[in-house]
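J.: Sequence plus predicted model, see below.
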Amino acid sequence: MPHLTSTTAGATSTGLRTAIGVPGYAHPLVAPAQWAELARPGTPLDWVVLNVAGGPGTRPDPHCLETAGRLRGAGVRVLGHLDLTHGDRVLADLLSDAHRYLDWYRVDGFLLDRCPTDRAALPEVRRAVTTLRTISDTAHIVLGHGTHPHPGYAENADQLVTFSGPWSDYRWSQVAEWTADYPPDRFCHFVHGVPRGHLEEALRIARWQGAATIYFTDRTDRGGRADPWESMPGYWDEIVSRIGTGVSE
């Protein structure tokens with residue numbers, strides 16, 4: 001199959017513990033039941049991204065404060081959403097947002113969305129990550145590339161998002177060979193438009209490609225007109241059951 005390009009990744013996949021990384025639902029005021037579901041005991045979550053208003057917002061949001069507190073109380077790792085705008089974001093602005101997330105919502109780390117992928121941008125991203133770690137030395141840092149970046153990025157974060165896109169692309173995707181040098185818990189895959197009947201196949205692809213953190217949904221981007229991540233998948237209970245019990249092995 002086209003996605004089997006690394007024997008190492010395939011060999012390690014049998015012992016892989018898959019968990020869910022939630023890219024961020026709609027505001028808790030709009031989707032209270034979905035956020036409440038994430039705090040249910042036993043849900044195999046790696047982390048959940050809190051995106052208040054394209055970042056932390058301009059003031060503490062009471063609904064987000066309550067939601068973040070509930071998730072922390074349930075032992076769920078909460079990440080703040082920081083937009084790197086493909087390398088165009090001014091570091092001072094990025095750090096200002098990071099401080100707000102830490103001060104207001106006590107986040108456990110950050111997803112750096114729209115992260116560059118090329119080697120030339122690596123020093124600036126490294127500088128941003130290093131600075132974030134100085135203000136929160138235990139921060140869990142996820143770089144949201146959405147595709148395979150230059151391998152040097154793997155040395156500068158806890159995890160990389162190496163796929164973010166539709167099922168039509170994911171089912172024929174190929175894993176970069178250099179990822180076989182790292183354990184599966186370093187990589188995340190976000191896939192939208194996954195039909196219920198192909199959920200098991202999607203989970204197998206993630207395991208074969210060596211990605212331990214996943215988010216699969218049947219929601220679509222409607223040709224770029226919608227955010228497929230803002231609502232819970234229609235088969236949420238099924239995917240939680242499959243991951244929790246290892247049914248898809």
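T.: Received the coordinates, thanks. Residues are numbered from 1 along each chain as shown.
J.: So for the residue lying closest to His150 once chain neighbours are set aside, what's the pLDDT?
T.: For His150, ignoring the flanking residues on the chain, the nearest one in space by Cβ to Cβ, 6 or more residues apart in numbering is Arg119 at 4.4 Å. Glycine gets a C-beta too; all of them are placed from N, C-alpha and C. As predicted, Arg119 sits at a pLDDT of 97.
J.: Determine the longest helix present in this protein.
T.: In the chain, with assignment by DSSP state H, the single longest helix is helix 122-135.
J.: before we move on, back to that, from Gly87, how far out is the residue nearest to His150?
T.: 12 Å (Cβ to Cβ, to the nearest Å).
J.: Looking at the two, which one has more neighbours?
T.: Higher neighbour count among Arg119 and Gly87: Gly87, with 16 against 12, using other Cβ atoms under 10 Å.
J.: How about the contacts made by that one?
T.: 115-116, 121, 124-125 (Cβ atoms under 8 Å, 6 or more residues apart in numbering).
J.: before we move on, the earlier item: please identify the buried residues of the longest helix of the chain?
T.: 122, 125, 128-129, 132 (16 or more other Cβ atoms under 10 Å).
J.: For the contacts of Gly87, work out which two are farthest apart.
T.: Spanning the widest gap among the contacts of Gly87 are Cys115 and Glu124, at 10.4 Å by Cβ to Cβ.
J.: now for the longest helix of the chain, which elements pack on it?
T.: In terms of contacts (3 or more Cβ pairs under 8 Å, 6 or more residues apart in numbering; DSSP states H and E), helix 122-135 is packed against helix 91-100, strand 109-113, strand 140-144.
J.: who touches it?
T.: Contacts with helix 122-135, where a contact means Cβ under 8 Å, 6+ apart, come from 84, 87, 91, 94-95, 98-99, 102, 110, 112, 115-116, 139, 141, 143, 150, 152-153, 156-157.
J.: correct me, but the residue nearest to His150 touches Gly152?
T.: Yes - using Cβ atoms under 8 Å, Arg119 is in contact with Gly152, at 6.5 Å.
J.: State the number of residues packed around the residue nearest to Ala39 when sequence neighbours are not counted.
T.: In space, and not counting its chain neighbours, Ala39 is closest to Ala74: 4.0 Å by Cβ to Cβ, 6+ apart. By other Cβ under 10 Å, 13 other residues sit near Ala74.
J.: mind putting the helices and strands packed on helix 122-135 in TSV, distance to Ala33 included?
T.: Listed next are the helices and strands packed on helix 122-135 as TSV, based on distance: least, Cβ to Cβ, whole Å:
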stretch	distance to Ala33
helix 91-100	27
strand 109-113	23
strand 140-144	26
